[in-house]
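Engineer: just coords:
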DNA sequence: CTCAAACGGCAAA
DNA sequence: TTTGCCGTTTGAG
């Protein structure tokens, strides 16, 4: 069974995904779309509906390298919240700059929510476009894509 | 304010 | 195998 590829729309962008079952190999933002499907939860997320991304695994967290440890730490950041590069660095016992480098090379953004890692003094960076990070954080802060939806209960 | 150092993996040379 | 990148932070000058 081969690895599947496909894309879905996300605002002005398209999200390309390479995956198989619940394992995601690559996620990247591009201007153009490609044929094929993406995992259901990613589709829900990109369309602004509540999505359970924890049902997906990323190849980025496999292994015992420092980067893999960083990605696992980033996975623990709850939807709607942010943590600084320095705080992630302390969690795994490395330097803030190593965290920045790991985020820059994150093979599976969204699945590993690197957009929730911000700079101490500001929002930090995001490629290919910082606007994507701002939109993602906005959606999550509003609770649009977060699950479970106990958010509407205590309000 | 500016500057440099510490950090880790990857890709290009 | 070496070099040069980076989505940072902190302390010193």
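Structural biologist: Thanks, I have the structure now. This is a predicted model, so every value here is computed, not measured.

Engineer: from here on, contacts and neighbour counts on C-alpha atoms
Structural biologist: Will do.

Engineer: what number of residues lie near residue A:14?
Structural biologist: A count of neighbours around residue A:14, defined by other CA atoms under 10 Å, yields 19.

Engineer: just the strands in chain A please.
Structural biologist: A:4-10, A:13-20, A:23-30, A:57-58, A:83-84, A:117-118 (DSSP state E).

Engineer: now these in CSV, with distance to DNA strand C and mean pLDDT?
Structural biologist: Listed next are those as CSV, based on distance: least, CA to the nearest atom of the strand, whole Å; pLDDT from 0 to 100:
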stretch, distance to DNA strand C, mean pLDDT
strand A:4-10, 16, 95
strand A:13-20, 14, 95
strand A:23-30, 10, 94
strand A:57-58, 15, 95
strand A:83-84, 5, 96
strand A:117-118, 5, 96
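
Engineer: adding distance to residue A:144, write the ones you listed out as TSV.
Structural biologist: Rendered in TSV, the data for the strands of chain A read as follows (distance: least, CA to CA, whole Å):
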stretch	distance to residue A:144
strand A:4-10	14
strand A:13-20	18
strand A:23-30	20
strand A:57-58	22
strand A:83-84	20
strand A:117-118	19
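
Engineer: looking at those, which is buried most?
Structural biologist: Of all the strands of chain A, strand A:117-118 has the most neighbours on average by mean count of other CA atoms under 10 Å, namely a mean of 23.

Engineer: pLDDT weak spots in chain A?
Structural biologist: Within chain A, the stretches with pLDDT under 70 are A:149-155.

Engineer: got the residues of it near DNA strand B?
Structural biologist: A:65, A:66, A:67, A:94, A:95, A:96, A:97, A:98, A:101, A:102 (CA under 7 Å from any atom of the strand).

Engineer: ok, now which ones touch the fourth one?
Structural biologist: By that I understand residue A:94. Residue A:94 makes contact with residue A:66, according to CA atoms under 8 Å, 6 or more residues apart in numbering.

Engineer: for residue A:129, see how far away it is.
Structural biologist: To residue A:129, residue A:94 is 26 Å away according to CA to CA, to the nearest Å.
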